[in-house]
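Engineer: sequence unknown, structure follows:
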């Protein structure tokens, strides 16, 4: 747990202060303004941190990941584990997880029209979406199976230990 004087808490406090006085953009306030101006209050919901992600993914037809910065996206792997197709921003990190046209669709970052078209494509073609979800499931099992990855990690350790033990008298 962080104490009250941690750099992270101070950073968040200063950011909130800057947002309150208008020196810094407040992304949440901006998003809420866009939602309200487009009358989407009954459609868009901010749900915060959740402990029931598998249940939520099971209830969805797809995962939409409109990231604005490249980073490792665990939800894309989780969607694959739940056999859900993915629509994601086209970043190198997304390309590691999404095989375009096979496990999901990628769209240029910030291109709302292409994002919307990709979502509609999967909604309008449930067979294609299902095939992509199944391919994502196979990929997730191949790459992210805990037993397989643990065995591979232990094999590396064993190899290093064997080489080290041969060098010691």
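Structural biologist: That came in fine, so what should we check first? Source: prediction; values computed, not measured.

Engineer: does the closest residue to residue 90 other than its chain neighbours count as helix, strand or coil?
Structural biologist: The shortest distance from residue 90 to any residue other than its chain neighbours is 4.0 Å, reached at residue 106 (Cβ to Cβ, 6 or more residues apart in numbering). Bear in mind the C-beta positions are built from the backbone N, C-alpha and C, glycine included. Secondary structure assignment for residue 106 (DSSP: H, G, I helix; E, B strand; the rest coil): strand.

Engineer: Quick one: residues contacting residue 106.
Structural biologist: The neighbours of residue 106, taking Cβ atoms under 8 Å, 6 or more residues apart in numbering as the test, are 87-90, 94-95, 98, 100.

Engineer: again, but for residue 135
Structural biologist: Neighbours of residue 135 in contact, by Cβ under 8 Å, 6+ apart: 99, 102-103.

Engineer: Surely it is within a helix?
Structural biologist: Yes: checked against three-state DSSP, residue 135 lies within a helix.

Engineer: Any stretches of the protein with poor pLDDT?
Structural biologist: For the chain, applying pLDDT under 70 flags the ranges 1-6, 168-169.

Engineer: quick one: the strands in it?
Structural biologist: In the chain, the strands defined using DSSP state E lie at 63-65, 86-89, 104-107.

Engineer: picking up where we left off before, what about the residue nearest to residue 90, distance to residue 93?
Structural biologist: 11 Å (Cβ to Cβ, to the nearest Å).

Engineer: contact partners of the top helix by length along the chain?
Structural biologist: In the chain, with assignment by DSSP state H, the single longest helix is helix 146-167. For helix 146-167, contacts defined as Cβ under 8 Å, 6+ apart pick out no residues.

Engineer: Please look at residue 99 and residue 139 and confirm they touch.
Structural biologist: Yes: if you go by Cβ atoms under 8 Å, residue 99 and residue 139 touch, sitting 6.9 Å apart.

Engineer: These two: which is more packed in?
Structural biologist: residue 139 (19 against 15; other Cβ atoms under 10 Å).

Engineer: Which residues are in contact with that one?
Structural biologist: Residue 139 is in contact with 80, 99, 103, counting by Cβ under 8 Å, 6+ apart.
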